[in-house]
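**Q** compute the structure for the input listed below.
(one chain, ligands or ions: 2)
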Amino acid sequence: MISGISASPGIVFGTVLLFKEKKIKINKENISEKNVQIEIKKFFQARKKSAQQIHEIKNQAKKKFGKKKASIFQGHILLLEDEELETEIISLIKKKKISADFAIEKIIQEQIHTLEDLKDEYLKNRAIDIRDIGDRLLKNILNIPVIDLSNIKKKVILITRDLTPSQTTQMNLEKIIGFITDLGGITSHTSIMARSLEIPAIVGTKDITKKVQNGDFLILDSINNKIIINPSEKKIEYFKKEKKKYFNIQKKLKLLKNLPAITQDGKKIEIGSNIGNYKDSINAKKYGAESIGLYRTEFLFMGRNNLPSEEEQFQAYKSIAEKMNGKSIIIRTMDIGGDKNLSYMNFPKEDNPFLGWRAIRVSIDNIKILHDQIRAILRASVFGALKIMFPMIISMEEIYFLKKEIKNIKYELKKKNIPFNKKIKIGIMIETPSSAIISKYLIQEVDFFSIGTNDLTQYTLAVDRGNEIISKLYQPISPSILYLIKKVISASHKSGKWTGICGELASNPEIIALLVGMGIDELSMSSISIPNIKNIIRKINFKKSKKFAKKVLKEKKIKNIQNLIKNFNKKENLL
Ligand code: PEP
Ligand code: MG
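**A** Numbering: from 1, shown residues only. Ligands and ions are numbered 1, 2, ... in the order given. This is a model prediction of the structure:
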């Protein structure tokens, strides 16, 4: 039996698909004259195989997403079969006497560099397509299996060393019924996505990829954090019962999903949902969300080949506004970088991506992206209660700048007679120690705070949120974090404003009484957690929880805090 970090709840039984990406190793040695024709033949064979694979993907995409999206792949085939590309590769093999893989790599790199140097955004973005095609050609020449997560035929549990958020967006969820990774933590974005997709997942097992083989039968129980390889009949029966038990609890909880989250003595907490797309907003309603506390718009920018236009964004925001029917929706501007990259944007190689070009920094440096997004949000603001929120703020300068940009865009829209909500609320995420420390200044400039405890924890404790090696140190209830949370809540309340939490801490059942006692106004979480959290809040006595929080905030050691929490939850019969 193996365990890891339960990332998304559920119990599933299935066959293993081991997804191991082998490194592409190019043969750089010179070849003899008599092998030239063999290498040329290898190129043609790999090209034929690649074209067949892309055709297959195109057909799948057509079925799933329609003709328009599928046409991207027709473009890939044209690039792959481009005559100029063929001529250049063949002449390089002949002239330099090098292997087909080496020639392909050289030519593809040249083309990528030429495209990347161009001013034209469209052509620049084609560099990504060329890289994709190059990789496919190389893998086919070197006999490295190309696994396409959107095109899996049988139902499987996916096992892989790591899974990026953009790979997660491409997964075929009808076929991938659960996943397990070596790497990752509870707050890495792939885990967060797994919860919205309601796909059971365990991450951070360290070495599951070394312990299973393709075709093994697995039980993935992410409720109890257990993975059983090739279980006995008896074990299967036992876990089937566990699954049924979990299902029944969920069913019961769902019955109270539409009740308000109100404590025994009348303190109301707003319960929001964290979403990444329109489908998630349907789920938000299904699980009884009272608002959208965090719309991670970067997912609108991922899993595609170019930036979404202002119009596309407007339509996306408008449709969610209409779906939520007047309920508050906090739209966070694109938070890209860190572990979320855009395949079509040039991200520099950074030693510390989470401390680097991420979130608001990318938007400020790409002012058109920021402008398009703000314009789209403002235009959609007449269709619902939209709010704007900025991620990863560290300074007053950023807020002054962003507010000035919003003001200019409002002016421009007004001049064109385009309607928008003039009083749209502006908030920021508190997810850096800097913003928490200067929260009393920041609140003078904004309408609300939402604490991103996922990042606030990683930045305050200097513990990478996705690194399973140090996951024991990732403790959002450390005295330093609780101190900052309290400071932020107090700063907002002193100014008559409010603070929510949209990090994963907001859905941790054990911590809810503490957060309520600290005076939190709103909690936003993956939709599946909502019924359980509402149920807990409805059992809390606010007065008692305030006293308890005061006591906790005086504690210096994590262990003591954990014990206090455990005892309070037990005494109050909350869990
Ligand atoms: C956070 O940091 O807590 C947060 C909600 O933002 P994200 O998880 O998208 O970084
Ligand atoms: Mg964050």
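**Q** the residue nearest the centre of the chain: what's it in contact with?
**A** For the chain, the residue nearest the mean C-alpha position is H189 (3.6 Å; C-alpha atoms, centre = their mean). Remark: with contacts taken as C-beta atoms under 8 Å, 6 or more residues apart in numbering, H189 is in contact with P165, G338, D339, K340. Just so you know, the C-beta spots here come from the backbone N, C-alpha and C atoms, and that holds for glycine as well.
**Q** distance check, it against ligand 2.
**A** Distance of H189 to ligand 2, computed by C-beta to the ion, to the nearest Å: 9 Å.
**Q** which residue is the nearest non-sequential neighbour of that residue?
**A** Excluding the flanking residues, the one nearest H189 by C-beta to C-beta, 6 or more residues apart in numbering is P165, at 4.4 Å.
**Q** for D135, same thing?
**A** Residue nearest to D135 in three dimensions, not counting chain neighbours: I24, with 7.1 Å by C-beta to C-beta, 6+ apart.
**Q** check for me that I394 belongs to a helix.
**A** No - per DSSP: H, G, I helix; E, B strand; the rest coil, I394 lies outside any helix segment and is coil.
**Q** counting neighbours, what do you get for it?
**A** As a burial measure, I394 scores 17 neighbours (other C-beta atoms under 10 Å).
**Q** pull out the buried positions in the helix or strand bottoming out on mean pLDDT in the chain.
**A** The weakest-scoring helix or strand in the chain, judged by mean pLDDT, DSSP states H and E, is helix 165-169 (a mean of 76). Within helix 165-169, the residues that qualify as buried by neighbour count (16 or more other C-beta atoms under 10 Å) are P165, S166, Q167, T168, T169.
**Q** now stretch 452-467
**A** Within stretch 452-467, the residues that count as buried by 16+ other C-beta under 10 Å are 452-461, 463-467.
**Q** any idea how far the longest strand anywhere in the chain is from the middle of the chain?
**A** Ordering each strand of the chain by length in residues (DSSP state E) puts strand 11-19 first. Distance of strand 11-19 from the chain centroid (C-alpha atoms, centre = their mean, to the nearest Å) equals 22 Å.
**Q** please apply the same query to stretch 417-436.
**A** Chain-centre distance of stretch 417-436: 21 Å, with C-alpha atoms, centre = their mean.
**Q** again with stretch 224-241
**A** 30 Å.
**Q** ditto for stretch 463-471
**A** 16 Å.
**Q** other residues contacting it?
**A** Contact partners of stretch 463-471, identified using C-beta under 8 Å, 6+ apart, comprise 4-5, 182-188, 203-206, 339, 354, 454-455, 457-458, 473-474.
**Q** are any of those residues buried, and if so which?
**A** Listed as buried from the contacts of stretch 463-471 are 4-5, 182-188, 203-205, 339, 354, 454-455, 457-458, 474; burial here means 16+ other C-beta under 10 Å.
**Q** quick one: low-confidence ranges for this structure?
**A** 61, 64-65, 68-69, 121-122, 124-125, 166 (pLDDT under 70).
**Q** picking that back up, angles on the backbone of the residue nearest to the centre of the chain, please.
**A** Main-chain dihedrals, H189, degrees, to the nearest 10: phi -60, psi -30.
**Q** hmm, I89 is touching D101, no?
**A** No - here I89 does not reach D101: they are 10.3 Å apart, not a contact under C-beta atoms under 8 Å.
**Q** of the buried ones among the contacts of stretch 463-471, which belong to strands?
**A** In this view, the buried ones among the contacts of stretch 463-471 that belong to strands under DSSP E are I5, V203.
**Q** in stretch 147-157, what's buried?
**A** By neighbour count with 16+ other C-beta under 10 Å, stretch 147-157 contains the buried residues L149, S150, N151, I152, V156, I157.
**Q** likewise stretch 27-39?
**A** Buried, per 16+ other C-beta under 10 Å, within stretch 27-39: I31, V36, E39.
**Q** go on, stretch 66-85?
**A** Across stretch 66-85, burial judged by 16+ other C-beta under 10 Å covers A70, I72, F73, H76, I77, L79, L80, L85.
**Q** so the fifth one versus ligand 1, what's the distance?
**A** With the distance defined as C-beta to the nearest ligand atom, to the nearest Å, I77 ends up 36 Å from ligand 1.
**Q** the third one too?
**A** As for F73, its distance to ligand 1 is 30 Å (criterion: C-beta to the nearest ligand atom).
**Q** surely that residue and I54 touch.
**A** Yes - taking contacts as C-beta under 8 Å, F73 lies within contact range of I54: 5.4 Å.
**Q** picking that back up, quick one: residues contacting the residue nearest to H189.
**A** Neighbours of P165 in contact, by C-beta under 8 Å, 6+ apart: H189, T190, M193, F299, M302, D339, K340.
**Q** nearest to ligand 2 among the buried residues of stretch 66-85?
**A** Comparing the buried residues of stretch 66-85 against ligand 2 with C-beta to the ion places I72 closest, at 29.8 Å.
**Q** what strand or helix carries that closest one?
**A** Using DSSP states H and E, the element containing I72 is helix 67-80.
**Q** which secondary structure elements does that helix sit against?
**A** Using 3 or more C-beta pairs under 8 Å, 6 or more residues apart in numbering; DSSP states H and E, the elements in contact with helix 67-80 are helix 36-65, helix 121-141.
**Q** how about T460, nearest residue that isn't a chain neighbour?
**A** In space, T460 is closest to P433, 4.9 Å off (C-beta to C-beta, 6+ apart).
**Q** K28 now?
**A** Among residues not flanking K28 along the chain, F102 sits closest, at 5.5 Å (C-beta to C-beta, 6+ apart).
**Q** pretty sure T15 is touching K154, no?
**A** Yes - using C-beta under 8 Å, T15 makes contact with K154 at a distance of 6.9 Å.
**Q** so how far does stretch 460-478 reach from one end to the other?
**A** Using C-alpha to C-alpha, to the nearest Å, one end of stretch 460-478 lies 10 Å from the other.
**Q** before we move on, what about stretch 224-243?
**A** Its start and end residues considered, stretch 224-243 measures 11 Å (C-alpha to C-alpha).
**Q** all strands for the stretch 151-300 of the chain, in order.
**A** Remark: strands assigned in the stretch 151-300 of the chain by DSSP state E, counting those that start in this stretch are 156-160, 176-181, 201-203, 217-221, 226-229, 270-275, 291-296.
**Q** sorry, back to before: closest one of the contacts of P165 to I528?
**A** Set against I528, the nearest of the contacts of P165 by C-beta to C-beta is M193 (12.5 Å).
**Q** quick one on the thing from earlier: of the helices and strands packed on helix 67-80, give the one that comes closest to I107.
**A** helix 121-141 (8.3 Å).
**Q** and the stretch 451-575 of the chain, which residues reach ligand 2?
**A** Residues of the stretch 451-575 of the chain found near ligand 2 (C-beta under 5 Å from the ion) are G452, D455.
**Q** could you pull out the helices for the stretch 451-575 of the chain?
**A** Using DSSP state H, counting those that start in this stretch, the helices of the stretch 451-575 of the chain run over 453-461, 479-494, 512-517, 530-537, 542-554, 558-571.
**Q** hey, which of these is tucked in deepest?
**A** Sort the helices of the stretch 451-575 of the chain by mean neighbour count, taking mean count of other C-beta atoms under 10 Å, and helix 512-517 sits at the top with a mean of 25.
**Q** would you confirm that S188 contacts A201?
**A** No - using C-beta under 8 Å, S188 is not in contact with A201; the gap is 10.7 Å.
**Q** so who does I192 touch?
**A** Contacts of I192 (C-beta under 8 Å, 6+ apart): N274, N454, E504, S526.
**Q** just flag the most distant two among these.
**A** It's N454 and S526 that sit farthest apart of these, by C-beta to C-beta, at 12.2 Å.
**Q** so what does whichever residue of the stretch 301-450 of the chain sits closest to ligand 2 look like in phi/psi?
**A** Here the residue of the stretch 301-450 of the chain nearest ligand 2 is E431; by C-beta to the ion that distance is 4.6 Å. Dihedral pair for E431: phi -140, psi 10, per degrees, to the nearest 10.
**Q** swap in the one 10 residues further on?
**A** Here is the backbone geometry of Y441 (degrees, to the nearest 10): phi -80, psi -40.
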